[in-house]
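Visitor: 3D, please:
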Amino acid sequence: MKKMKPSILLLLLLFVFAGCKKETIDVSYDAIVDSSFTCEATINGEYFSFPFHDRPAFSAETYSDSILIEANLNFREEADNYLANMLTISISKKFKISELTYSYVEYGTVHSSGDLTQEEYGSIFHKGKYPFSYTNCKYNTCVKSQGASIYLQSYRGSIYETDYLNNFVEAGQVGTFYQHADFELTSVEKLAPGAVVLEGNLKADVYSFYGELIPVEAHFKAYNNNILRPPTGYQP
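Guide: Residues are numbered from 1 along each chain as shown. The predicted model follows:
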């Protein structure tokens, strides 16, 4: 039998391996988010639809040796009008700064670089119930707990948010205040190590800055991905 030339054999192997290469799936915001990503809410007895789901956004607050990372899920009534009603649902987790992969030391103090590994990011979300976060201020020092938060902007010309709770309810009474409240992620679909689709429900009474209290209930479907990624070549 005639032997196959090495060059032809190499080309055939390359062709086979190319055909077996796993197809890369696009899990970006543009590829995933469609008209089903909405928030339907009842606010103070009125029905509202928030059909526009913004791109993922994050915020962070540092408390001594810990950092609270918040994934903010933003929904709006109108595509381009930022004066329209907007509902933001935040899901947060507190990390010990020294335990984060991309923390760094400067003048003897440990700092967060603002970057999360895919594993650290993924640990923020889990199927099931979350407590509502609470900002406890004592002796001119404030500490916010991890959990869920609600921010409602421009409703009747005001801002309502769960973060105002500490202005009107003492820390020891938070459990009583939230006894009929609920926040639950009913579905956490991991599209990739750094991208998730979330579905959930919320129910809570929310204060305005001036102490007006209104009930808010909502069902939402949201997209989120890890936008806090370490730059190429970063050395912690």
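
Visitor: Distance from stretch 212-220 to the middle of the chain?
Guide: 19 Å (C-alpha atoms, centre = their mean, to the nearest Å).

Visitor: need the contact list for the residue most central in space within the chain.
Guide: Geometric centre of the chain, nearest residue: residue 71, 2.3 Å, by C-alpha atoms, centre = their mean. Contact analysis of residue 71 by C-beta atoms under 8 Å, 6 or more residues apart in numbering lists 56, 58, 90, 91, 92, 124, 125, 224. (C-beta placed from N, C-alpha, C; glycine too.)

Visitor: Look at the closest residue to the first one other than its chain neighbours and report its pLDDT.
Guide: Spelled out, that is residue 56. Nearest residue to residue 56, sequence neighbours excluded (C-beta to C-beta, 6 or more residues apart in numbering): residue 224, at 4.8 Å. Here, the pLDDT recorded for residue 224 equals 97.

Visitor: Partner strands of the helix or strand hosting residue 224, with direction?
Guide: Assigned by DSSP states H and E, residue 224 belongs to strand 213-225. Looking at strand 213-225 with DSSP bridges, its partner strands are strand 39-43 (antiparallel), strand 195-207 (antiparallel).

Visitor: Deepest-packed of those strands, please.
Guide: Neighbour counts (mean count of other C-beta atoms under 10 Å) averaged over each of the strands paired with strand 213-225 peak at strand 195-207, with a mean of 21.

Visitor: So for that strand, mean pLDDT?
Guide: Here the average pLDDT along strand 195-207 is 97.

Visitor: Output stretch 67-75 as PDB - backbone C-alpha positions only.
Guide: C-alpha atoms of stretch 67-75 as PDB (Å, rounded to 0.1, in the frame of the first residue of the first chain):
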ATOM      1  CA  ILE A  67     -16.300  45.700  50.300                       C
ATOM      2  CA  LEU A  68     -19.900  45.400  49.300                       C
ATOM      3  CA  ILE A  69     -20.300  44.700  45.600                       C
ATOM      4  CA  GLU A  70     -23.700  45.500  44.100                       C
ATOM      5  CA  ALA A  71     -25.000  44.200  40.800                       C
ATOM      6  CA  ASN A  72     -27.600  46.700  39.700                       C
ATOM      7  CA  LEU A  73     -30.500  45.600  37.400                       C
ATOM      8  CA  ASN A  74     -32.000  48.700  35.800                       C
ATOM      9  CA  PHE A  75     -35.400  48.900  34.200                       C
END
